[in-house]
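Participant: After the sequence you'll find the predicted model.
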Amino acid sequence: MSTETGRESRRSGALVSVMRWMENLSDTQYAYLLLIPVFVLLGIVALYPLLRTFELSLFKLSADFSSTTFVGAGNYIELFTGEKNRFLPGGTTFLPDGFSMSAMLNSALVVTVIFAVVSVLFETLIGLGQALILDQDFYGRRWIRAAIIIPWAVPIVIQGMIFFLMFNANVGFLTPPLADLGLLAPTNTLNDTASATFIIIVADIWKTSAFMALLILAGLQSIDRGLYDVAKVAGATKWQQFKLITFPLILPTIGVAVLFRSVQAMRVYGIIDTVSSCTVVPSLSCMVVATFTTREGTSAAIAFVTAAIIGAVVMGLIVWQGEDAI
Amino acid sequence: MATPTDTQEQPSDGPLQRWTQSAIQDPEKVYRALFYAAMVFFLVTTLFPFYWLVVLAVTPEGRLLSGSFLPTVDLFGVSGTFPLPVPKGFNPGAFVTVFEQVPFHLYMLNSFALAVTTTVIVLFVASLAGYVFGRLRFPGRALLMLGILAISYFPPAAFVIPLFQAFAGNAPITVPFTSIPLFTPPRLLNTPGSMVLPFSALFMPLSIFILTTFYGQIPDGLEDAARVEGTTRLGALFRVIMPLSAPGVATAAVLTFIAVYNEYFFSSIMATSPEAAKWSPIVGGILSYQTQYTTQFNLMAAASIVGVLPVVILVIVAQERIVSGLTSGALKE
C-alpha cells in the first residue's frame, strides 16, 4: 500500500516538475516547445521529401537499372531538350515539339497551364455571379447556399465518375448534342485529347466555382453597406453601384483568390485519372506518377520543375501582397 | 357603351407586354427577374449532375444500353426530344447490389477511419500551433507562418517519390545529399499510416490559420484568470481557450474531414491496389467499379451516390462552419 502511494507520488512528482519547468519558460522558449510537433510532422512529410526529390533529380539510373550516377543538371537539360520524352507514357511530351494544336495538347506543361488558366478564369466569373447571389437576402437563402457549396465537397473520384458517366460512349447522353455543336469529338470522346481536356476543365469549373464564390463572398460582406445608401441617394443605378463600389472593393480579394486557385489547379491529377487517362490528357502531376516507379530521376526532375513553377507564382504573390499575404 | 378611360390601355395586352410595361416603370423589377434567373441557372447547373446519377442508378441494367435517355415526346403533333434525361424503368436494387459486388461499405469505413484519425491529429497539433501564433509574441513568428504557408502551396507530386520509397521500407532513410543512413522505416504502404501522415501535413496549414484567428480573439483576461486560479499553461489552452473557441475548432474539424474524404492523390498511390483489406478508401471502391465492372453503369452511379451522401449531409448540417472557415481561414492564406 505504502509503496504504491509512494510510486504514485513519485510519478506525479515528475509530472509536477515538468509542469514547473514549462511554467518557467520564457514566451519564446514556450512557443518553440509547442511548435515541435508541427516541425516534426512537416519535417518528415514535407521538408525531407522536398530535399530528397531535388537530390534524386540530380541522379540518373544506369542502363541495367542497378546503380545511379550523378549527372548534375543533366535530367533537367534532357527534360527541356525533349530527350526525356521517350520515357513519358503514350507519346506525350514535356515541352511541345511543334506549334500545331495537337503538339501543344500533347505537352504536359502546356496542358497544365491551359487547364489552370481556363478553369480559373471561368471559376472566377461564375464564382463572382454566385457570390453576388448569395450576398442578397432572400427566403430560402440557406438552402440555395448549401446547394451551391455541395459540388465543392464532392470527392474528386466521384466528380470524375459523374463526368465519365455523362460523356461515356455507351450511356453518356451529352456527347451527341455537344458533338453537333463541334465542341467534342463525336466518337471516342474520352480518348480524344482536345475533347477530354474540355470535359476535365468543365468538371473542374463545376466543382470549384463554389470555393471561389465563398472567397469572393467574404470580400463582398466586408464592404460598408453605407456606401450603397449614399449611392442610392445620389441616384446611381445598380450597374453603376457594382462598377464603382462593389468591383473596385473586391478586386484585391479576387486577386488573392485567383492566385491561390491557380496554384491548386497546377496540381491537377485525380480528375484526369478518373475521367480519361494520363496518356490522353498529360498534366505535370500525371507525368510524375506515371514515371516514379521506373524512372526516378526523370520523375523527380518533373516534380521539382512543377514545385519551382508554383514556388515562383507564390513568391510573386507574397512580394505583391507583402505582409497582407499572411 | 363603356366610356374610354383617360389612361390609354393597349387592346391586345398579353401578359409579357404587361410585364414589360410595368418593368419600364419600375427597373427594380428587372433586377429581381435577373436575380431569380441567375439563381435558377446556378441551381440547375450545380444539381443536375446528381440528378443524372440518380437517373442512371435506378435504370435497370438490361436497359442501360438500349435506346436514348432523352425520350422523344409527341406534343400536339410536333415530335421533339425531351431535353432532360429520364430513367428507363425503375430498379432501386442497384443500391443493394453495390454493396454485394464490391464491399463498398468497407471502403467507406476506411475513408471514415482515415478522416477521423487525421482530424484528431490535425486538431491537436494545429491547436498548439494556433495558440502559439494567435496568443504569443516571439521572434521569428512571421517567418515561421510564412514557411508553413509556403509548404502548403507545394504540389503533392513534389513529396510523393521519397515518401513512397520511405513507406515501402526497403532501404534506410539517408540524410539528403549524403549517404549517411539514419534508420530504416517500417513498411507503411497499405496501412493507415502511409495516408494519415501525408494528409496531416497537407491539411494542417489551413487548420493552423483558422485556429490562429479564433484563438487570437479570446480576451487575455480569461486566460489570466484561469492561470491565477492555478491552471497550468497547457491546461489554460485545453480547458479555457479551446472550449471558448468551439466554433473555430468545429470549423477546422469539418474542413479537415471533408478534405481527407475528398483526397485523391495519396489515396490512390499509397494503397497499392484497390482492395478494402489494404486500407484503400472510397477512391479504390469507386475505381474498382470502373475497372472491373466496366458495363454496369448503374452500379457506378449508385456507388457514387452512396459515397457522396456523407459529405452532402455534412455540408447541409455544417454549412455555417464551412463558410466561416473558408472565408476567415482561407483568405488569410
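Facilitator: Alright, I've got the coordinates.

Participant: Can you report how many residues lie near residue B:152?
Facilitator: 20 (other CB atoms under 10 Å in any protein chain shown). C-beta here means a position set from N, CA and C on the backbone, and glycine is covered the same way.

Participant: which one's the longest helix in chain A?
Facilitator: Across chain A, the longest stretch assigned as helix under DSSP state H is helix A:193-221.

Participant: and that one, how far out from the chain's middle?
Facilitator: 12 Å (CA atoms, centre = their mean, to the nearest Å).

Participant: Ok, stretch B:124-136 next?
Facilitator: How far stretch B:124-136 lies from its chain's middle: 25 Å, per CA atoms, centre = their mean.

Participant: swap in stretch A:228-235?
Facilitator: For stretch A:228-235, the distance to the chain centre is 40 Å (CA atoms, centre = their mean).

Participant: Mind listing what's buried along it?
Facilitator: Judged by neighbour count using 16 or more other CB atoms under 10 Å in any protein chain shown, the buried positions of stretch A:228-235 are residue A:231.

Participant: before we move on, what about stretch B:268-280?
Facilitator: B:268, B:269, B:270, B:271, B:274, B:275, B:276, B:279, B:280.

Participant: For the first one, what is the enclosing helix or strand?
Facilitator: Following DSSP states H and E, one finds residue B:268 within helix B:265-270.

Participant: what separates the helix or strand following that helix from the chain centre, distance-wise?
Facilitator: Note on helix B:265-270: by DSSP H and E, the next helix or strand toward the C-terminus is helix B:282-292. Its chain's average C-alpha position is 19 Å from that of helix B:282-292, according to CA atoms, centre = their mean.

Participant: try stretch A:245-264
Facilitator: The answer for stretch A:245-264 is 16 Å, by CA atoms, centre = their mean.

Participant: Is any residue of that stretch near chain B?
Facilitator: Yes: using CB under 8 Å from any CB of the partner chain, a contact is recorded between stretch A:245-264 and chain B, made by A:253, A:256, A:257, A:260, A:263.

Participant: quick revisit: could I get the average pLDDT for the helix holding residue B:268?
Facilitator: For helix B:265-270, mean pLDDT rounds to 89.

Participant: Check whether stretch B:260-278 comes into contact with chain A.
Facilitator: Yes: under the criterion of CB under 8 Å from any CB, chain A is reached by stretch B:260-278 at B:261, B:262, B:263, B:264, B:265, B:268, B:269.

Participant: Point out where the chain drops to low pLDDT.
Facilitator: Just going to use chain A. Residues of chain A that meet the criterion pLDDT under 70 lie in A:1-12, A:62-66, A:318, A:321-326.

Participant: That was the other one, I meant chain B.
Facilitator: Using pLDDT under 70, chain B drops low at B:1-13, B:67, B:73-75, B:77, B:79-80, B:328-333.

Participant: helix/strand/coil for residue A:69?
Facilitator: Following DSSP: H, G, I helix; E, B strand; the rest coil, residue A:69 is assigned to strand.

Participant: Isn't it up against residue A:60?
Facilitator: Yes: because the distance of 5.6 Å satisfies CB atoms under 8 Å, residue A:69 is recorded as touching residue A:60.

Participant: Would you mind telling me which of the two has more residues around it?
Facilitator: residue A:60 (20 against 10).

Participant: Could you tell me how many residues sit around the closest residue to chain B within the stretch 101-250 of chain A?
Facilitator: Ranking the residues of the stretch 101-250 of chain A by distance to chain B (CB to the nearest CB) places residue A:218 first, at 3.4 Å. Neighbours of residue A:218 under the rule other CB under 10 Å: 20.

Participant: Surely it is in contact with residue B:325?
Facilitator: No: look at residue A:218 against residue B:325 with CB under 8 Å: they stay out of range, at 10.7 Å.

Participant: which residues in the stretch 1-150 of chain A form helices?
Facilitator: Remark: helices assigned in the stretch 1-150 of chain A by DSSP state H, counting those that start in this stretch are A:2-23, A:27-34, A:36-42, A:48-56, A:74-81, A:101-105, A:108-134, A:141-153.

Participant: Turn the ones you listed into TSV, including mean neighbour count and distance to chain B.
Facilitator: Listed next are those as TSV, based on neighbours: other CB atoms under 10 Å in any protein chain shown; distance: least, CB to the nearest CB, whole Å:
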stretch	mean neighbour count	distance to chain B
helix A:2-23	10	5
helix A:27-34	17	4
helix A:36-42	16	5
helix A:48-56	21	4
helix A:74-81	18	13
helix A:101-105	15	20
helix A:108-134	21	5
helix A:141-153	20	4
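
Participant: tell me which residues of the longest helix of chain A are tucked away?
Facilitator: For helix A:193-221, using 16+ other CB under 10 Å, the buried residues are A:193-220.

Participant: Leaving out the residues flanking it, which one is nearest to the residue of the stretch 201-333 of chain B found nearest chain A?
Facilitator: When distances are taken as CB to the nearest CB, the stretch 201-333 of chain B reaches nearest to chain A at residue B:264, 2.9 Å away. Leaving aside its chain neighbours, residue B:264 sits nearest to residue A:270 (2.9 Å; criterion: CB to CB, 6 or more residues apart in numbering or on different chains).

Participant: neighbours of the one you found, just the number please.
Facilitator: There are 21 residues near residue A:270, going by other CB under 10 Å.

Participant: ok, now residue A:280?
Facilitator: Residue A:280: 23 neighbours (other CB under 10 Å).

Participant: cool, residue B:41 as well?
Facilitator: The tally of other residues near residue B:41 (other CB under 10 Å) stands at 13.
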